[in-house]
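*Asks:* The following comprises the amino acid sequence and a computationally predicted model.
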Amino acid sequence: MSYIQGYDPQTLREIVDVQACRARLDELGDQRSLPALLERVWLLKVTGDLDEALAVSEESVRVARMGGPRKDLLRARMLHASVLQFRGAYAAALQELTTCAEEAEGQGWSAIAAFGLQHRGKVFYDMGDFVNARADFKRTLFLRQEAGAPEDQLESTLLAIDAAERRRSGAQVAS
């Protein structure tokens, strides 16, 4: 089930069915498997419970580091970075997303690299750096196309490129 109903064209944040997200959180309870932890992090993040999202994301990184494959650790670290972004810790989020995206690209894991670059682009976007945001979104689009990503992922990236271009143009006119 997709909890995402769309994306805010101004903030690029997910528009979610909050009641469905909270119901799913109740279903997950205190499960400690890595997939359950990652899902909880995302659900807590998009419903605005950032303190708990941070704590669960840190736990997911520990669990992934102890027993999961490298791809799972990268996913957990990138999701943790997205929580940092929502909390306004942009420098830490940028550093983590850059490291993870570079490692994923180096391994040839296009879909994971694209995930990291899409989120790094969103951090740049939140910071008002629309040039770097657009560059990351364009690279994400290429990687997602290369990986055969589903249409909804391509659409979200195209929306992000368009938003960054509009904001960049607006910033140039204002100066």
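*Replies:* Noted; the coordinates are in hand.
*Asks:* Mind listing what's buried along stretch 98-109?
*Replies:* Thr98, Cys100, Ala101, Glu103, Ala104, Glu105, Trp109 (16 or more other C-beta atoms under 10 Å). The way it works is simple: take the backbone N, C-alpha and C, and place the C-beta from them, glycine included.
*Asks:* From those, which land in helices?
*Replies:* Thr98, Cys100, Ala101, Glu103, Ala104, Glu105 (DSSP state H).
*Asks:* got the residue ranges for the helices in the protein?
*Replies:* Under DSSP H, the chain gives helices at 18-28, 34-46, 50-67, 70-86, 90-107, 110-127, 130-147, 151-174.
*Asks:* Among the ones you listed, show the one with the smallest mean pLDDT.
*Replies:* Of all the helices of the chain, helix 151-174 carries the lowest average pLDDT, namely a mean of 88.
*Asks:* by how many degrees do that helix and helix 110-127 diverge?
*Replies:* Between the axes of helix 151-174 and helix 110-127, defined by axes from the mean of the first three to the mean of the last three C-alpha atoms, to 10 degrees, the angle is 30 degrees.
*Asks:* Name the surrounding residues that touch helix 151-174.
*Replies:* With contact meaning C-beta atoms under 8 Å, 6 or more residues apart in numbering, helix 151-174 is reached by 2, 7, 9-10, 12, 114, 118, 121-122, 125, 128, 130-131, 133-134, 137-138, 140-141, 144-145.
*Asks:* If we use 6 Å, what do you get?
*Replies:* Outside of helix 151-174, the residues within contact range by C-beta atoms under 6 Å, 6 or more residues apart in numbering are Tyr7, Pro9, Leu12, Phe130, Ala133, Arg134, Phe137, Thr140, Leu141, Arg144.
*Asks:* Ok, stretch 66-82 next?
*Replies:* With C-beta under 6 Å, 6+ apart as the criterion, stretch 66-82 contacts 34, 38, 41, 57, 60-61, 64-65, 93, 96-97, 100, 104, 112, 116, 119.
*Asks:* just those now: which is nearest Asp49?
*Replies:* The shortest approach to Asp49 among these belongs to Val41, at 10.2 Å (C-beta to C-beta).
*Asks:* just checking, that closest one touches Val56?
*Replies:* Yes - applying C-beta atoms under 6 Å as the test, Val41 and Val56 come out as touching, 5.0 Å apart.
*Asks:* Spatially, which two of the buried residues of stretch 98-109 are the most separated?
*Replies:* Once C-beta to C-beta is applied, those give Thr98 and Trp109 as the farthest pair, at 15.3 Å.
*Asks:* on that earlier part again, looking at the contacts of stretch 66-82, which one is closest to Asp51?
*Replies:* Ser57 (10.9 Å).
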